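Visitor: next one to model:
(2 chains)
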Amino acid sequence: MKTSSWCALLALGLLQGCVEEGMSQRYRAERDLWLADRARQELPSPAGRNRPAWTALALSYEQIARTYGDPGLRGEAAAPFESIAGRALLSASELRAASFDSIRSIDLLEELAERPSLPSSLAALVAIRRASLFEREGHPAEAIELFEFAISGIEWTAESLPLGRLSSSLLELPLRLSRLHARVSGLDEVAAARERARRCYAGILEAPDVQTRIGAHRCLVELALDERSWDTAIALLDTLAVEFEKIDDPRFDPNETRRRTLEVMHLAWVEDGIEPTGWQDRFYTLLETDPLGRYAAPALLNRAEALARMGEPRAAIDLITQLLSTYRRSPVRPQARLLEARIEERTGRWRDALVAYRTVHNEFPLEPEGLLVAVEMARHHLAREDWAAASLALQEAEEQYREVIARFPEGPHTRVARARLVETLELLGRPRDMLEELLVWSDTVAHTAEEITLLVRAGRLARVELGDRARAIEIYQRLAERFPGTRTGAWSSREVDRLRRSSEWSTP
Amino acid sequence: MKLFQQLGAVVWALRGVAVASRDLAVWSPFLLLALLRVLSLMLLLFFHTPALIAVAAPVVVFLGGTGATHYPQHLYLLPSMFSTLDLGLSLVVGALATGVTTARFARVFGDRRARPRWATTLPVAASLFLITAIGMSVDPAWVRMTAALPQRVVEANPLVPLVLTAGRVGAALVVQILLAYAIAAVVLQRVSVLRAMRTSVGLLLEVPLCTVLLVGLSTLPVLVFALVVTSTDFSRLDIEPEFVATVLAIQILVELFADLIRVGALTRVFVWNPGRDR
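Guide: Numbering: from 1, shown residues only, chains lettered A, B, ... in the order given. You can find the predicted model right below:
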């Protein structure tokens, strides 16, 4: 063979040495995952109504994980494939969970957790998702174990953070864990969890990424609030306000810290009954920083509510009057008016209360507070055992809610009206009408979590209060068909079987 | 020469190019260059296919780093990788193709001394490379020079980056105008590089408006296109990453036509030699 041929072969051999093992396959996997991620951004919402599209994309993600998850490589060469397969399975699980297929979602998370060489950042995310599911389903011990695993995989120092930042789900981890401990563990464990959380956040307070820094600071405020260290929380909020002034970014608004400070003062006052010297002055100084009432008006309303609870109705009414005259465009005005009416009612001034209730109804007829008035008035008559007035008020309320439902397109107004109508029918003692309304309401929120709640309620009403087994079966069957991948769906199927069996027994 | 005569010369030169372009022989050198550009683009674009990976992946790693082997970063880095590869192609093949095309146009325009073959252009290849290299070195030199400016100077006024970009295009254009006829002088008169540059400047002074218009009309779109492609961060645009390759393919096509028009029109003016008429 000629020298030039040898040289060409040698060059080709050297070039081959530069090529990473499995590069071609890895590139295809990255492209498939990118395309799936892009398709995910364009998925129609909500997931419940567009379940076929969401399920199809979840299947595509699963397919990516199956195709590239086991490339037949070992060591470092296999790591990118592991990461791609992990991300694909995680996305598939998220899509399944969003489209009410929680059973498959959990299966996928478990499959992910069992992968032997899952990258640590991904393993932490998987652990958080699984822990969240356990937490939601009332298994705190399992959730704590998984959170502990996730937290141990992260080094909480500014230098060791990946890209100088942490995602919000990882950032909140120590705080969530300490709160979970507070629910189920002993005092010592809770204190230890809080101390560790504090250390974690202190370690990343100097992180290069501003969002991580601010996020850590906010979590420290939350920790202080969990411990009822009001002074510490306010001092931390003051430091945060100084930080915000330095950052030229609309996401970090100093007004947010002022609003939070007012809330902390309110909490301290309501929960511990303390108002240290100078706080009252500070409270009013902070109110002056907000002439539009974005946080000052809710703060005044909170204070009025607290004063009313503490047995100072006149002081509360004065604050409400101040709120209504100062902040004429505040969105909390309906709540303030309703509170005024309730305070007057509670103090036995029914005539003034009646005027206030009518004002709420006239000024804000479509706000939730305005729609509540009719039922509130009926409840008042029921409490005084004035059956005739109560019946009249309830009939008026029913008419009013039915009119709102008929006149307006489906939206927030009709949703509130439907809720109040069901409440009114319950007070009127018409469970069959109530059942029909629940079913109509559930149709308007089809394929959402709200539909599940409404159908469960309707099924229970049919079975327990009406004793209508056939109707209950029909409702549970609908629930099982609409949400086959959820635990509630599985429970409804079992309930249908159970009711059918008992119905066969009772057939003569 | 009077201004309106120079404007007339521009139209006359462009019409001459349109007529001469019917001859495929005139196209073939730049077609070859375009073909090589397309092949190099495909090499970079399809580096990940099993058939090319052994040869193309090291080139991609060399030009764009290991990050360039990942999707979609690979496609976002494609313009910078391609422009580096294209630099070499333009210097070697582009210089020779310009020389051969000049000779072929000159032949069509009536210069019987012109020798329109690749082989007959090779003896002046060194001069062609040198002139092409001078023309091509302006842009990187400008970029290096402006990169040395302190950041506070650049950020002091929003107009500064605009002025720097305009300066970048302007500098490249000025050098192209000064060297407009240098390649024609080397190929058709077989003179040294220095002599060719002097001839080019002399002819430029005879027909300044005509030269500026011919170079400007044919070079400016190419310069602006290349500038936009290399300075755009495609990852921030809501597009399919593969679209970057389409943009580069269009750039190759634009350059093919622009090169042909520029070389043809300047050769016609050179062969006519307006200074001789006076």
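
Visitor: ok, now how distant is the residue lying closest to B:V100 once chain neighbours are set aside from A:F483?
Guide: Excluding the flanking residues, the one nearest B:V100 by CB to CB, 6 or more residues apart in numbering or on different chains is B:P29, at 4.4 Å. Glycine gets a C-beta too; all of them are placed from N, C-alpha and C. Separation of B:P29 from A:F483 (CB to CB, to the nearest Å): 69 Å.

Visitor: kindly report the same for A:L59.
Guide: 18 Å.

Visitor: more neighbours, those two?
Guide: Ranked by neighbour count (other CB atoms under 10 Å in any protein chain shown), A:L59 and A:F483 place A:F483 first, with 24 against 13.

Visitor: tell me, how many residues neighbour the residue lying closest to that one once chain neighbours are set aside?
Guide: Counting by CB to CB, 6+ apart, A:G489 is the residue found nearest to A:F483 once chain neighbours are left out, at 3.9 Å. A count of nearby residues for A:G489, using other CB under 10 Å, gives 20.

Visitor: what residues are up against A:G489?
Guide: A:100, A:479-480, A:482-483 (CB atoms under 8 Å, 6 or more residues apart in numbering or on different chains).

Visitor: and the residue of the stretch 401-508 of chain A nearest chain B?
Guide: Taking CB to the nearest CB, chain B has its nearest neighbour within the stretch 401-508 of chain A at A:H447, 29.0 Å off.

Visitor: mind checking the SS state of that residue?
Guide: Under the three-state scheme (DSSP: H, G, I helix; E, B strand; the rest coil), A:H447 adopts coil.

Visitor: is the residue nearest to it when sequence neighbours are not counted in a helix, a strand, or coil?
Guide: Closest residue to A:H447 apart from its sequence neighbours, by CB to CB, 6+ apart: A:G48 at 3.0 Å. The three-state label given to A:G48 by three-state DSSP is coil.

Visitor: compute the distance between A:G48 and A:Q63, please.
Guide: From A:G48 across to A:Q63, the span is 23 Å (CB to CB).

Visitor: of those two, who's got more company?
Guide: Between A:G48 and A:Q63, counted using other CB under 10 Å, A:G48 has the larger neighbour count: 20 against 14.

Visitor: residue of the stretch 251-400 of chain A nearest chain B, please.
Guide: Closest residue of the stretch 251-400 of chain A to chain B, CB to the nearest CB: A:R251 (19.4 Å).

Visitor: okay, now that residue: neighbour count?
Guide: Around A:R251 there are 10 residues (other CB under 10 Å).

Visitor: the one 10 residues further on too?
Guide: Taking other CB under 10 Å as the criterion, the count of residues near A:T261 is 23.

Visitor: quick one: residues contacting it.
Guide: Residues near A:T261 by CB under 8 Å, 6+ apart: A:234, A:237-238, A:286.

Visitor: secondary structure class for A:G86?
Guide: Here A:G86 is recorded as helix under three-state DSSP.

Visitor: which non-adjacent residue is nearest it?
Guide: Counting by CB to CB, 6+ apart, the residue nearest A:G86 is A:L122, at 4.4 Å.

Visitor: and the helix or strand where the one you found lies, what does it pack against?
Guide: Using DSSP states H and E, A:L122 sits in helix A:120-136. Where contact means 3 or more CB pairs under 8 Å, 6 or more residues apart in numbering or on different chains; DSSP states H and E, helix A:120-136 is packed against helix A:79-98, helix A:102-113, helix A:140-152, helix A:168-171.

Visitor: go through the ones you listed and find the least confident stretch.
Guide: Per-stretch mean pLDDT for these is lowest at helix A:168-171 (a mean of 82).

Visitor: hmm, who's touching that one?
Guide: Residues outside helix A:168-171 that contact it (CB under 8 Å, 6+ apart): A:124-125, A:128, A:150, A:154, A:212, A:215-216, A:219.

Visitor: out of the residues you listed, which comes closest to chain B?
Guide: For the contacts of helix A:168-171, the residue nearest chain B by CB to the nearest CB is A:L125; the value is 20.7 Å.
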